[in-house]
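> Got a sequence here, can you build the structure:
(chains A and B)
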Amino acid sequence: MAINMEPAGSRTTGKVRLHPTQNEALLFEKSAPGKRAYKLPPLDVPAADAATLLGEAHRKTAAALPELSEIEIIRHFTRLSTWNYAIDLGMYPLGSCTMKYNPRVNEFVSRIEGLAEAHPYRPESHAQGVLEIIDLLQRCLLEITGMDAITLQPAAGAHGEFTGILLVRAWHESQGNPRRRILIPDSAHGTNPATAAICGYTVENLKSNADGGIDLDALARQVDGETAALMLTNPSTLGVFENQIHKIADILHEKGALLYMDGANMNALVGKVRPGDFGVDVMHLNLHKTFSTPHGGGGPGSGPVACKAFLEPFLPTPVLVRKAGNNGLSELHWEYDRPQSVGRVRAFYGNTGMFIRALAYILANGPDGLRQTTEDAVLNANYIRKKLEDLYELPYKTPSMHEVVFSDKRQLVHGVKTGDIAKRLIDYGFHPYTVSFPLIVHGALMIEPTESESLEELDLFIEAMRAIAREVEETPELVKTAPHSTRVSRLDEVQAARKPVLRWRPAE
Amino acid sequence: MRYLPKSPAERERMLAEIGTASIDDLFAVIPPEYRLARDLEVPRQQAESEIVEYFRAAGAKNSTSYASFLGAGAYRHYRPVIIDALVQRGEFLTSYTPYQAEITQGTLQAIFEFQTMIAELTGMDVANASMYDGSTGAAEAVLMAMRVTGRHKAVVAATVHPEYREVLHTYLQHREMPTALVGYDAKTGRLDLAALEAAVTEETAAVLVQSPNFFGVIEDIPAMAAIAHTRGALLVVSIAEAVSLGVVRPPVEADIVSMEAQSFGVALSYGGPFCGVIAAKEQYVRQMPGRLAGQTVDGNGNRGFVLTLATREQHIRREKATSNICTNQALVALMATIFLSVYGQEGIRELAEHNLAKADYAAKTLGAQPGAKLLFTGAPRFHEFVLQTEEAPAAWSQRLLGEKIVGGVELSRWYPELKNATLWCATEVVTREQIDTAARTLAAKPVEA
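Take a look at the predicted model:
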């Protein structure tokens, strides 16, 4: 199914066919004084003289914002949108990011007036509806993880890690010593060491064993009275379940260290196994991964942190509790008086709009749907592995869960790297997989299909990967210079970083 | 399950291709004692109509269609409908961080436009692609100032949003970075400049202030900058109400600005998702946290945009990164970008002037009621004001709720010295009638027997 890219033809092949996109200048370049896209209602109070009221604090020079009409704004952003790839257009196998379908009912219910317009400081008696949503989501997430207590306050996964490690620290401090080190496997996400550092810990690297998993002997040697915790991603970033997990927990707990689980890959476990049952003390979830809230071009996310009961006193304030209300009915209530708390990690209560979407997703699935979802995600990854392992090097033969990691070893012989193969995938109508991660695999291709892909889409992806493998041998230049079908070719990142242009300025 | 695109026969076929008998074989690696042998105890699978009904009922249980005078870091402004029409396009909604620039030029150009608008509004040179919110942004801005100066102490205004200050405390507590709190002038509600002068030393990395401050009062930024800069400290200005910049002079003397952009077309949504952003002077850009979009060219000389200066970030630098932030608030930043394109240069000023007028009328009307007086009247303010009443707020707020009005938020929970004081906000969506009703109801104190 090799796609003939020179010259750009209109022949339909497999998944893609070329079509033109429209050019679109920056908003500022389209602006003209006097154009309007707004109209305020007449002022029903006396107009205020800003210069008099504000004095020295009055803004004399207006911000140079663009002036456009409504149709131009609609076209501007619609045209920009057509330059993006998205889950809604096709498979987005970005490993570790879990680019699954984002149900539209989630968007719909998050915009229901009584929820979208709720002010965070409205009286609790007038916010019981949203508090009940938060309460139900908390209970569902505790059941799914097998943990005892939870906070939804963290705004994203990395923020959840920060919160979780603060809980670890607070616990150790309550035992008399905050300890000094956090152990992190070399396969971990970059957020893990960055988090440990901002919580005041030294990062100690833990080398993976020959299977890409935790080396138990090394772990036993490295854990001591100054080890605060191990930050473990399970399944690992290789998509491999740590089957020695109970021994890992035992080794840590014997020395008084805790087991933190990065829940980025929780979508491989939901309904099949619970971290709380295999020795995890504290973990975060990514609602924008496992629970289908949209990635939105980079956020917003939401990173709830679940923990065992002994860590509950340290959760960020406030904590949602149920108390007896005025008329004998119980009411949900934010409790602020928590002397052992690590403190707030964010203003208000978290990304509530994401809680609503995640709960809608859980309700749409139910227990059977959640389990089937996990099974399909694992089925899809294993199917891809089976269909590509003859052409791409599989550095670790351990069984895959929700993602599979190949390396570019065989393609490198022809001078083609994982990043080149990724770019060439774009020409076949797919978003690239995650490139060069995890770091323990040289030239990694990290592929996570998620459960959202049909057999038809998977087969098209496999065909594309096989075609590219042939191209690497026959016409490597075609792959090394890809993509050939996009509105811009490879961009000069060196120039962007050397002489940063981070904003538009009017021509002088 | 309606989100799963496979037939039972297809699943069987795939298992056969893989060469395994059952799906459970693929989970055999999980030790048997840990496998969940039962259904999760979560609600049963619901139809879409049931889900909509559940959330509608929850929404109705929250009080709807109340007039509201609540602000304090979360502001109700009108949201033009094209915002939701555009951000719900799947190409924006279901895309991710634009690491693959060739197929995410839409997101990247929009971020570049957002950065430009924020820089223009705040009077800074550059802005990043977004932070989680105003509270975490302020904390990250202080940490940034510490990296720039190599110093480890911060001076924080008591007039910064109390929850922002709590978050800052959480971020700094384990890093041996002590903070000193500076109080406010009881008459003006502005930061006490003499106390500030005394608190800033040669070891101070950052002075964190907010303007308009938590009481709605506009701070004297040039004076604060002078105090900070004399000692070699950076001035970090937090802005919780972004619409103020339509009419309030931007903090051009600041070194770093941390802004909450929720007011730019983002729903209240019970406190999130909101949209933080950090802007700064150009020379500090390499110490900035978060993502940055930059302009460049492709192989054919076409203009294009990429994420740049990534060597600051966790996926490259790991424990040496400027922050652990990864996912930010991209789609919310897009909302703000669309909001700002709708209002534009003239509209943002007109909108801010309407807010100013509504709040001025509300403050005068409410402050004139018997038993009520305005606090902090000696300095300019934007659209929030502090009202002190003889009657306890718990009593009159019930009367207001009876009229379907939510009054101001009580300040004593954060400022015990401000007894019976409440913080009110009047944006452009509050009507004169609502203000008048609130005033009448406030005054209608029951006669004591």
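> CA atoms for contacts and neighbours, from now on please.
Fine.
> what about the helices in the stretch 301-450 of chain A?
Taking DSSP state H, counting those that start in this stretch, the helices of the stretch 301-450 of chain A run over residues A:352-388, A:409-412, A:418-427.
> and the last one, average pLDDT?
When the per-residue pLDDT values of helix A:418-427 are averaged, the result is 97.
> Packing partners of that helix?
strand A:434-435, helix A:455-474, helix A:476-480 (3 or more CA pairs under 8 Å, 6 or more residues apart in numbering or on different chains; DSSP states H and E).
> With the first one instead?
Helix A:352-388 sits against helix A:104-110, helix A:128-145, strand A:404-407, helix A:455-474, helix B:8-18, helix B:48-61, with contacts defined as 3+ CA pairs under 8 Å, 6+ apart.
> now the angle between helix B:48-61 and it, please.
160 degrees (axes from the mean of the first three to the mean of the last three CA atoms, to 10 degrees).
> Quick one: residues contacting the nearest residue to residue A:136 once chain neighbours are set aside.
Excluding the flanking residues, the one nearest residue A:136 by CA to CA, 6 or more residues apart in numbering or on different chains is residue A:359, at 7.8 Å. Neighbouring residues of residue A:359 by CA atoms under 8 Å, 6 or more residues apart in numbering or on different chains: A:133, A:136, A:137.
> okay, and for the chain, where does confidence drop off?
Let's take chain A. A:1-13, A:326 (pLDDT under 70).
> Chain B, not that one
Using pLDDT under 70, chain B drops low at B:447-449.
> per-domain residue ranges of it.
Following automatic domain parsing, chain B resolves into domains at B:67-77+B:346-443, B:82-340.
> Would you mind putting those domains into TSV with distance to chain A and mean neighbour count alongside?
Shown next, in TSV, are those (distance: least, CA to the nearest CA, whole Å; neighbours: other CA atoms under 10 Å in any protein chain shown):
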stretch	distance to chain A	mean neighbour count
domain B:67-77+B:346-443	5	20
domain B:82-340	4	24
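> thinking again about what came up before, most tightly packed of the helices and strands packed on helix A:418-427?
strand A:434-435 (a mean of 24; mean count of other CA atoms under 10 Å in any protein chain shown).
> Of all the domains of chain B, which one comes closest to residue A:247?
domain B:82-340 (27.3 Å; CA to CA).
> what number of residues lie near residue A:231?
Number of residues near residue A:231 (other CA atoms under 10 Å in any protein chain shown) recorded here: 24.
> which residues touch it?
Counted by CA under 8 Å, 6+ apart, residue A:231 has contacts A:182, A:183, A:184, A:185, A:192, A:259, A:260, A:261, A:262.
> quick one: it and residue A:403, what's the gap?
Note on residue A:231: its distance to residue A:403, by CA to CA, to the nearest Å, is 20 Å.
> Quick one: closest of the helices of the stretch 301-450 of chain A to residue B:101.
helix A:418-427 (10.1 Å).
> and the stretch 401-508 of chain A, which residues reach chain B?
A:401, A:426, A:431-432, A:451-455, A:483, A:486-493, A:495-497, A:500-504 (CA under 8 Å from any CA of the partner chain).
> how about the strands in the stretch 201-350 of chain B?
For the stretch 201-350 of chain B, the strands defined by DSSP state E, counting those that start in this stretch cover B:204-210, B:234-239, B:256-260, B:276-280, B:293-297, B:303-307.
> With residue B:6 as the reference, name the closest of those.
strand B:303-307 (36.5 Å).
> one step back: can you narrow the contacts of residue A:231 to ones near chain B?
Of the contacts of residue A:231, the ones that also sit near chain B (CA under 8 Å from any CA) are residue A:192.
> picking that back up, from the residues of the stretch 401-508 of chain A next to chain B, list just the buried residues.
Among these, those classed as buried by 16 or more other CA atoms under 10 Å in any protein chain shown are A:401, A:426, A:431-432, A:451-455, A:483, A:486-493, A:496-497, A:500-504.
> Restricted to helices, list those.
The helices, defined by DSSP state H, take in A:426, A:455, A:493, A:496, A:497 from those.
> Keeping just the C-alphas, turn stretch B:303-317 into PDB.
Provided in PDB are the C-alpha atoms of stretch B:303-317 (Å, rounded to 0.1, in the frame of the first residue of the first chain):
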ATOM      1  CA  ARG B 303       5.900  30.100   8.500                       C
ATOM      2  CA  GLY B 304       5.100  27.500  11.100                       C
ATOM      3  CA  PHE B 305       5.000  27.000  14.900                       C
ATOM      4  CA  VAL B 306       6.600  24.500  17.300                       C
ATOM      5  CA  LEU B 307       6.800  24.000  21.000                       C
ATOM      6  CA  THR B 308      10.200  25.400  21.900                       C
ATOM      7  CA  LEU B 309      12.800  25.900  24.600                       C
ATOM      8  CA  ALA B 310      11.800  22.400  25.800                       C
ATOM      9  CA  THR B 311      15.100  22.000  27.600                       C
ATOM     10  CA  ARG B 312      13.400  23.700  30.500                       C
ATOM     11  CA  GLU B 313      10.900  20.900  30.800                       C
ATOM     12  CA  GLN B 314      10.500  17.700  32.700                       C
ATOM     13  CA  HIS B 315      10.400  15.300  29.700                       C
ATOM     14  CA  ILE B 316      13.900  16.500  28.800                       C
ATOM     15  CA  ARG B 317      15.400  17.700  32.100                       C
END
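> Up against chain B, what does the stretch 151-300 of chain A have?
So the stretch 151-300 of chain A meets chain B at A:155-159, A:189-200, A:203, A:241-243, A:271-274, A:277-278, A:294-300 (CA under 8 Å from any CA).
> Make a PyMOL selection of whichever of those residues turn out to be buried.
Typed into PyMOL, the line below selects the buried ones among those, using 16+ other CA under 10 Å:
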select buried, chain A and resi 155+156+157+158+159+189+190+191+192+193+194+195+196+197+198+199+200+203+241+242+243+271+272+273+274+277+278+294+295+296+297+298+299+300
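> which ones are touching residue A:56?
Here residue A:56 is in contact with residue B:249 (CA under 8 Å, 6+ apart).
> wait, residue A:379 sits on residue B:25?
No. Under the criterion of CA atoms under 8 Å, residue A:379 makes no contact with residue B:25, lying 10.4 Å away.
> measure the most centrally placed residue in chain B to residue A:19 for me?
Closest to where the C-alpha atoms of chain B average out (CA atoms, centre = their mean) is residue B:260, at 3.3 Å. Remark: distance between residue B:260 and residue A:19 (CA to CA) = 40 Å.
> Of the helices and strands packed on helix A:352-388, give the one that comes closest to residue B:32.
Comparing the helices and strands packed on helix A:352-388 by CA to CA, helix A:128-145 comes nearest, at 17.1 Å.
> What is that closest one packed up against?
By 3+ CA pairs under 8 Å, 6+ apart, helix A:128-145 packs against strand A:149-151, strand A:330-335, helix A:352-388, helix B:48-61.
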